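1. I need the structure of the sequence given here:
(2 chains)
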Amino acid sequence: MIHFCKPKKSSFFSNNKGFSIIEAIVGITLAALLLVAFTSLITQTIKINQANMSKLKATMYLQELIEIAKDMEQSATPTIIFNTGYFCDTCHPEVDNSVSPPKWELFPGTEPLENNLFTRWITIEDTGNDDIKMATAKISWKDTTSTLETYLYYYGQ
Amino acid sequence: MVSKIFLKKKNEQGFTLMETIVALGIGLLATTMIFYIFTLGLQNIEEIKNTQALNSSAIFFLDRATYLIKQGKSFEVLPTSPGDTLIITFPNDSTTSIDKSDFETDNISATTTFKKMQKSIQINFIIQATTTSATTTISATTTIAQRAI
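-> Presented below is the predicted three-dimensional model:
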C-alpha cells in the first residue's frame, strides 16, 4: 500500500492565504523608509554641492574687494583714501567709466550680488599713520560671513 | 485513496481583474518612483563631478591670472570671437597671454572677457562643464590688481 504524505497546511508553497494587512504595511513602510532615506541623501548632496559653489563665488567676490582696494592704492593721484581723516565704513565699489581707463570708486552702502544671494562691503580705516590705511572686506551669504583684511600703503604718486 | 489525494480540490480562483489592475498599478508606480530617484541620483553625481571640475578649473585660472597680472607692466585686451585675450607685457618686455584656453579641457568650454582698469584687470568668465546627463555652468566677475611697484 502506498502512503502519500498529506502536505502540511502551513507549508510555504501550500499557503494560499496571501499577505496579511500587517505584512503589507510592514513591507510598504520599509520601502517608504528606503525611498525617503535615498531622497534625503540626494537632497543633502545637492545642498552641499550648492554650498561649495556659493563658497567659491563668495571667495572670488571677497578677494575682488581687496584687489579693488589695491588698485585704488596705486591709481588715485593724490589718492583720496590717503587723505587725513578719510574713513569709509560699509562702502561698495563702482566703476567710473567717464575716464580712460575706467577707475574704481567707493560709495557708501553695501553691494548686493546675484539677486541678493551675496552682500559685500569694504571698510577703510585709519591706522594712526596717514600713509597706511587698513581695508577690511566682508561678504555675507545665507548665515555665513567671511572677512579679509589688508593694509594699503601710500606710494606718493 | 490515491485519487482522493490527487484530485483534492485546489484553490483555482486566481486573481480577479481588479486585483491584477491594482497590483500592476502599484508595481508601475513603485518602478517609476525608483527609476526617477535613481536617475536623479546619477544626474546628481554627474553634476557634482562637473562642479568639482569647474571649481578646479576656475581656481587654476585665477591663480595663473593673479600670478601673471601681478608681474605685468602693461596690458592689452585683444577681442577674439567669442570673448577676449589678455596680452601681458612684463618689465623685461617679454609677453604672455591668458584667455579661455586656460580653462578648457575635454568637457569644459569657456568664454573670457577682460576690462582694463587704471591699475587692475576686471575679468568676466563663463565656464561650462558638459557630460552625457548634466551640464553645469559657473559665471563670475572678479578683479586682479597689478602689484604696487
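
2. flag the shaky bits of chain A, pLDDT-wise.
-> Applying pLDDT under 70 to chain A flags the ranges A:1-18, A:76-80, A:82, A:84-85, A:156-157.

3. name the nearest residue to the residue most central in space within it, ignoring sequence neighbours.
-> Closest residue to the average C-alpha location of chain A: A:Ser54 at 3.2 Å, with C-alpha atoms, centre = their mean. Nearest residue to A:Ser54 in three dimensions, chain neighbours excluded: A:Trp141, at 5.8 Å (C-beta to C-beta, 6 or more residues apart in numbering or on different chains). All C-beta spots, glycine's among them, are computed from the backbone N, C-alpha and C.

4. then A:Lys103?
-> Spatial nearest neighbour of A:Lys103, excluding adjacent residues (C-beta to C-beta, 6+ apart): B:Gln118 at 4.6 Å.

5. helix, strand, or coil at that neighbour?
-> coil (DSSP: H, G, I helix; E, B strand; the rest coil).

6. A:Glu114 touches A:Lys57, doesn't it?
-> Yes - taking C-beta atoms under 8 Å as the definition, A:Glu114 is a contact partner of A:Lys57 at 7.4 Å.

7. look at those two and report which has more neighbours.
-> Shown here are A:Glu114 and A:Lys57; by other C-beta atoms under 10 Å in any protein chain shown, A:Lys57 has more neighbours (21 against 12).

8. which residues of chain B lie near chain A?
-> With C-beta under 8 Å from any C-beta of the partner chain as the criterion, chain B comes near chain A at residues B:2, B:5, B:11, B:30, B:33-34, B:37, B:40-41, B:44, B:47-48, B:51, B:55, B:58-59, B:62, B:115-120, B:122, B:138, B:140-146, B:148.

9. which strands or helices does the host helix or strand of B:Ala65 pack on?
-> For B:Ala65, the element it lies in under DSSP states H and E is helix B:17-71. Using 3 or more C-beta pairs under 8 Å, 6 or more residues apart in numbering or on different chains; DSSP states H and E, the elements in contact with helix B:17-71 are helix A:21-75, strand B:84-89, strand B:95-98, strand B:108-116, strand B:120-130, strand B:135-145.

10. angle of that helix against strand B:108-116?
-> Here helix B:17-71 points in a direction 40 degrees away from that of strand B:108-116 (axes from the mean of the first three to the mean of the last three C-alpha atoms, to 10 degrees).

11. output the helices and strands packed on helix B:17-71 as TSV; include the columns distance to B:Thr66.
-> As requested, these are arranged in TSV below (distance: least, C-beta to C-beta, whole Å):
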stretch	distance to B:Thr66
helix A:21-75	9
strand B:84-89	12
strand B:95-98	10
strand B:108-116	14
strand B:120-130	10
strand B:135-145	5
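
12. right, and these - which one's nearest A:Asn129?
-> helix A:21-75 (14.2 Å; C-beta to C-beta).

13. distance between the closest one and the chain's centre?
-> In this view, helix A:21-75 has its centroid 9 Å away from the chain centroid, taken as C-alpha atoms, centre = their mean, to the nearest Å.

14. residues of the very next helix or strand once past it that come out buried?
-> As assigned by DSSP H and E, the chain's next helix or strand after helix A:21-75 is strand A:88-96. Buried residues in strand A:88-96, counting neighbours by 16 or more other C-beta atoms under 10 Å in any protein chain shown, are found at A:88, A:91-93.
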